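Peer 1: I'll drop the sequence and a predicted model, then ask my questions.
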Amino acid sequence: MVRLKDIAYRAGCSVMTVSKALRDAKDISIATKARIKDLAEEMGYVPDAAAAGLRTRSTRLLGLVISTLTNPIFARMVMAIEEWAYQHGYAVLLMHSHNDPPREEQCIRRLLSRRVDGLFISPASRMEASAKVYEELQGSGVPVVILGSRAKFCAGFPCVESDDVTASANVTRHLLDLGHKRIAFFAGPQVSPWAHDRFAGYKKALREAKVELDDSLIFQAGATIEEGEKAAVQFLGESTGATAVQAVNDMVAIGAGSLFLKQGLKIPQDISLAGFGNVLVSEHFRVPLTTVRQPKFRLGVAAMELMLAQLRREKFESKRLPADLVIRQSTAAPAKK
């Protein structure tokens, strides 16, 4: 490993001069800086980040905790965070919680032990109104950005999120405008704030249209393709008279849609179907899916901007970005009887 004294020997100067040159100190001439930096690069010098961190009290590391990167919602968001972090001289340490609170707590503690300068967290779902690790985070002073809707236990931190209530209401309005009077809603996990927001949007649009909420049209469907299929089986077995299904996310919608097609139903001729999220597979489903395009990359950029504001001790506030309705072939006017 090349050391500062090795560069100093080749450059014919002191170790202190080399150190200052590599740190862009003002009392070193531009010519000397350029000569030493070129020599350091030629010799393959790699700065000791740990030692630099001790001097500056900054590791230039940011921690990122998400449920799993296989969740298509996170892919572009993580890409944006990592890209912007790189541009600002930070590296990102990624850990997966698998939506398990004890594992999430261990992830947070391990990242704190690495002395990260800040944390991005997509919180694991909990029923509790408080969580010890988040209380400790608030006391630590480490900058934190919550990715997605905040639950009570993490309400004290700034967040970036899409406006799921408005976006979900727009899906329901779209179905109402097509002429659907009975719209089933395949709801998400009861402990997930984002699922509550999307259900709230559905109810809001019905209320504005003066359509009474019918509990028989609400089905608990979770968040996965398999859970969407199960909800669709229950839906078909209950003869609700619904002519459209609005799902809490695209994966549930795709699971439901696959089951409908297997049972011989035609989408949208027999039943309209809409999702939420605009994951890649939604556009390439057997019947391209009407859905909501979440601004995933822009959410990642907004999260990094919010983190940088905290690190610079500037004013900051949470950000909620609009999400757009994308109308495809899975929704149409109900068949005339």
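Peer 2: Arrived safely. Residues are numbered from 1 along each chain as shown.

Peer 1: According to the record, where do the domains of this protein fall?
Peer 2: Structural domains assigned to the chain are 4-47, 58-162+296-323, 164-293, following automatic domain parsing.

Peer 1: Looking at these, which one is packed in the most?
Peer 2: A comparison of those by mean neighbour count, using mean count of other Cβ atoms under 10 Å, puts domain 164-293 on top with a mean of 20. C-beta coordinates here come from the backbone N, C-alpha and C atoms, glycine included.

Peer 1: any idea how far stretch 184-191 is from the chain center?
Peer 2: Mean-position distance between stretch 184-191 and its chain equals 19 Å (Cα atoms, centre = their mean, to the nearest Å).

Peer 1: returning to what we had before: now the domains of the chain as a markdown table including distance to residue 332 and mean pLDDT?
Peer 2: Formatted as a markdown table, the domains of the chain follow (distance: least, Cβ to Cβ, whole Å; pLDDT from 0 to 100):
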| stretch | distance to residue 332 | mean pLDDT |
| --- | --- | --- |
| domain 4-47 | 60 | 87 |
| domain 58-162+296-323 | 22 | 92 |
| domain 164-293 | 4 | 96 |
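
Peer 1: how about the strands in the stretch 51-200 of the chain?
Peer 2: Here the stretch 51-200 of the chain has its strands, by DSSP state E, counting those that start in this stretch, at 61-66, 91-96, 118-121, 144-147, 159-162, 183-187.

Peer 1: and residue 127, which of these is closest to it?
Peer 2: Shortest distance between residue 127 and these, using Cβ to Cβ, is found for strand 183-187: 16.1 Å.

Peer 1: Please enumerate residues in contact with the closest one?
Peer 2: 172, 175-176, 195, 199, 202, 206, 217-221, 228, 231-232, 235, 240, 242-248, 252-253, 256 (Cβ atoms under 8 Å, 6 or more residues apart in numbering).

Peer 1: that older thread, mind putting the strands of the stretch 51-200 of the chain in TSV, distance to residue 265 included?
Peer 2: Below are the strands of the stretch 51-200 of the chain laid out as TSV (distance: least, Cβ to Cβ, whole Å):
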stretch	distance to residue 265
strand 61-66	35
strand 91-96	37
strand 118-121	41
strand 144-147	36
strand 159-162	31
strand 183-187	13
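
Peer 1: Residue 243 reaches residue 180, doesn't it?
Peer 2: Yes. With contact defined as Cβ atoms under 8 Å, residue 243 reaches residue 180; the gap is 5.0 Å.

Peer 1: overlap in contacts of the two?
Peer 2: 272, 334.

Peer 1: Any chance you could list what contacts stretch 249-261?
Peer 2: 186, 188, 198, 221-233, 235-236, 245, 247, 267, 270-271, 273-279, 281-282, 285-287, 289, 291, 330.

Peer 1: one step back: could you redo the domains of the chain as CSV and give each row distance to residue 334?
Peer 2: Compiled in CSV, the domains of the chain are given as follows (distance: least, Cβ to Cβ, whole Å):
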stretch, distance to residue 334
domain 4-47, 65
domain 58-162+296-323, 26
domain 164-293, 4
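
Peer 1: closest one to residue 336 among the ones you listed?
Peer 2: Smallest distance to residue 336 across the domains of the chain (Cβ to Cβ): 9.4 Å, for domain 164-293.

Peer 1: Okay, helices next: where are they in this structure?
Peer 2: Here the chain has its helices, by DSSP state H, at 4-11, 15-22, 30-43, 49-56, 72-87, 101-113, 132-140, 164-178, 193-208, 225-237, 250-262, 280-283, 296-311.

Peer 1: Can you say which of those helices is nearest to residue 321?
Peer 2: helix 296-311 (5.9 Å).

Peer 1: angle of the closest one against helix 72-87?
Peer 2: Going by axes from the mean of the first three to the mean of the last three Cα atoms, to 10 degrees, helix 296-311 is angled at 50 degrees with respect to helix 72-87.
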